[in-house]
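Asker: Turn this into a structure:
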Amino acid sequence: MARGGDLHWGWLAVTAAAMFAMEVAKNAWGDVIDFDSGTDLAVRPEDRTDFSGGKRVLVDQLLSRGQTWAIAFGFGGVGVALGVWLVLARAPEALWLGVVGLALGWSYHGPPLRLCYRGLGELDVALCYGPLLVLATTVVQTNRYEAGAVWLALPLGLFTAAFLLCNEFPDRRADAPAGKRNLVVRLGLRGASRLLVGVYVLGFAWLALLPAFGLPRLVWLGLAPAPLAGWVCWQVWRAPDGFWRVAPVQPMALLVFVLYAALAAVGTLWG
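Answerer: This next block holds a predicted model:
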C-alpha cells in the first residue's frame with residue numbers, strides 16, 4: 001500500500017491504537033486467568049524472566065483482580081470502539097477480520113477454547129501477529145484484500161510464535177501441573193527444541209520464496225536476522241532446561257521478528 005503512495009497516516013494511527021488497546025486488554029485478562037489456574041503462582045524465582053511467567057501484577061500484588069479486570073474491559077472497550085469506527089468510517093471490509101481477531105485474542109486464554117491450555121496457543125499467535133494483523137492494516141488502508149500482504153506476513157507470524165516458544169521453556173514446570181499444555185509441555189524439552197528449529201527454517205524458507213509471489217528481491221533483507229535465529233536455536237538446543245539463566249535467548253528471539261518486520265518492509269518499499 002505504501003509502495004503505491006496510498007498510506008493514510010491518520011487511519012494507520014487509529015489502527016495502531018486499536019491494536020495496542022486490545023493487546024493491553026489481552027494481557028490483563030490473561031494475567032487473571034493464568035493466576036486463577038495457578039500457573040503464574042507456581043513459577044519458581046530462578047525461572048522468572050522479563051519475558052515469561054506472566055505479567056505477574058497479581059502475583060506481586062501490584063493490582064487486585066478487580067483492577068486487572070477493569071483494565072481488561074476498559075482497554076478492550078476502547079479497542080472495540082476504535083474497531084467499530086474503522087469499519088463504519090473507513091473499511092467495512094475489515095469487519096470479519098476484527099471479529100476473528102477479537103475471538104482469537106480472547107480464546108488464547110479465555111473459555112471455552114482456552115487455546116494456550118490445549119497446545120494451540122502458538123498457532124493462535126502465528127495467525128494473529130502475522131497474517132491477520134497485516135491483512136487488517138492493509139484492508140483499512142486500501143479497502144481491498146492483497147495476497148502479497150499475507151505472504152509477507154507469514155514469516156512474521158512464525159517468528160513471533162518462535163519467540164513465544166522460547167518463553168514457554170522457563171514456565172514448563174509451572175504450566176504442566178496447572179493443566180496449561182502448551183507445545184513445550186506436550187512435546188517435552190527436546191521435542192520443543194526441534195520444533196523451534198523447524199519454525200525458523202520454515203519462516204526463512206518462505207521468505208526466500210517471496211519474490212516468486214511478486215514481491216521484490218530486496219525483501220530478502222529480511223534474511224539478515226537468520227544467523228541470530230540460528231544462535232537462538234543453538235542455545236535452546238544445548239541447554240533446554242536452563243538457557244534463560246545463562247544467555248539472553250528470549251530478547252534475541254524478540255529481536256529476530258522485530259528485525260524481520262523492519263527489514264522486509266524496507267526491502268519491499270525500496271524494491
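Asker: Which phi and psi values does residue 178 adopt?
Answerer: For residue 178, the backbone dihedrals are phi -90, psi 0 (criterion: degrees, to the nearest 10).
Asker: isn't it right up against residue 36?
Answerer: No. Residue 178 is beyond contact range of residue 36, at 9.7 Å (criterion: C-beta atoms under 8 Å). For glycine as for every other residue, the C-beta is placed from the backbone atoms N, C-alpha and C.
Asker: So for the two, which residue has more residues nearby?
Answerer: Applying other C-beta atoms under 10 Å to residue 178 and residue 36 shows that residue 178 carries more neighbours, namely 18 against 13.
Asker: Quick check: that one vs residue 33, distance?
Answerer: Here the criterion is C-beta to C-beta, to the nearest Å. By it, residue 178 lies 11 Å from residue 33.
Asker: next one: residue 142
Answerer: Remark: distance between residue 142 and residue 33 (C-beta to C-beta) = 36 Å.
Asker: higher neighbour count, the two?
Answerer: Higher neighbour count among residue 142 and residue 33: residue 33, with 21 against 17, using other C-beta under 10 Å.
Asker: OK, contacts around that one?
Answerer: When contacts are counted by C-beta atoms under 8 Å, 6 or more residues apart in numbering, residue 33 touches 109, 110, 114.
Asker: And those residues, which is closest to residue 154?
Answerer: residue 109 (24.2 Å; C-beta to C-beta).
Asker: Would you confirm that the closest one contacts residue 36?
Answerer: No. Between residue 109 and residue 36 no contact is recorded; they are 10.1 Å apart, counting by C-beta under 8 Å.
Asker: Let me know the next secondary structure element after the longest helix along the chain.
Answerer: If you go by DSSP state H, the chain has its longest helix at helix 9-37. Next in sequence after helix 9-37, counting helices and strands by DSSP states H and E, comes helix 65-89.
Asker: Understood, closing this out.
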